[in-house]
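what follows is a predicted structure for the sequence shown.
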Amino acid sequence: MIKQITHNQAFLSRKATRATEADMQAVTDLVDTLKANTNRAVGLAANMIGVNKRIIAIQLGVLSIPMINPEITKKSDPYEATEACLSLEGQRKTTRYKNIEVTYQDQNFKSHTQTFKDFTAQIIQHEVDHTNGVLI
Ligand SMILES: CSCC[C@H](NC=O)C(=O)O
């Protein structure tokens, strides 16, 4: 189901808890909401739709991919990025890493360890920050 994107910064500033198989509806809702917003979003975190769980979704080409309990396990090559967010006004500067390794579970709760680079890595870092209560 497509959900409203929150601007509630107090809620967005809370660290999210681990997701389980009981949270599949939230995974589906997050993917549906990203698909409905691909004209203005490249990624979403579950707390942006009011669910305080460690779930993100990222846009890779035409695919909206969920990642459950994502953790960045390696990062290298820092640079300064300027980013915006659907839940915030304006833009902010932050440090991102060009290369990252991420562990996560897919929608079947199968575990993966995968490397990402460049803009895809940037989106994942932005969304993982949200799961840790970091706005940008
Ligand atoms: C470059 S990372 C920006 C990610 C942002 N999504 C919000 O969580 C968005 O604009 O889709």
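Received, thanks. All values derive from a computational prediction rather than experimental measurement. Numbering: from 1, shown residues only.

so what's the residue count around the closest residue to residue 28 other than its chain neighbours?
Leaving aside its sequence neighbours, residue 28 sits nearest to residue 1 (CB to CB, 6 or more residues apart in numbering; 7.6 Å). C-beta coordinates here come from the backbone N, C-alpha and C atoms, glycine included. Counted with other CB atoms under 10 Å, the neighbours of residue 1 add up to 9.

likewise for residue 83?
Neighbours of residue 83 under the rule other CB under 10 Å: 16.

can you pull the pLDDT of it?
The score at residue 83 is 95. That number is its pLDDT.

a strand runs through it, doesn't it?
Yes: applying DSSP: H, G, I helix; E, B strand; the rest coil, one finds residue 83 inside a strand.

was I right to think it contacts residue 135?
No: counting by CB atoms under 8 Å, residue 135 is not a contact partner of residue 83; they are 10.0 Å apart.

let me see the contact set for residue 90.
residue 84 (CB atoms under 8 Å, 6 or more residues apart in numbering).

and for residue 83 and residue 135, which residues touch both?
Common neighbours of residue 83 and residue 135 are listed as residue 92 (criterion: CB under 8 Å, 6+ apart).

after the lowest-mean-pLDDT helix or strand in the chain, which helix or strand is next?
Sorting the helices and strands of the chain by mean pLDDT, DSSP states H and E puts helix 9-12 at the bottom, at a mean of 92. Sequence-wise, the next helix or strand downstream of helix 9-12 (DSSP states H and E) is helix 24-35.

helices or strands up against that following helix?
With contacts defined as 3 or more CB pairs under 8 Å, 6 or more residues apart in numbering; DSSP states H and E, helix 24-35 has these neighbours: strand 43-45, strand 55-60, strand 63-84.
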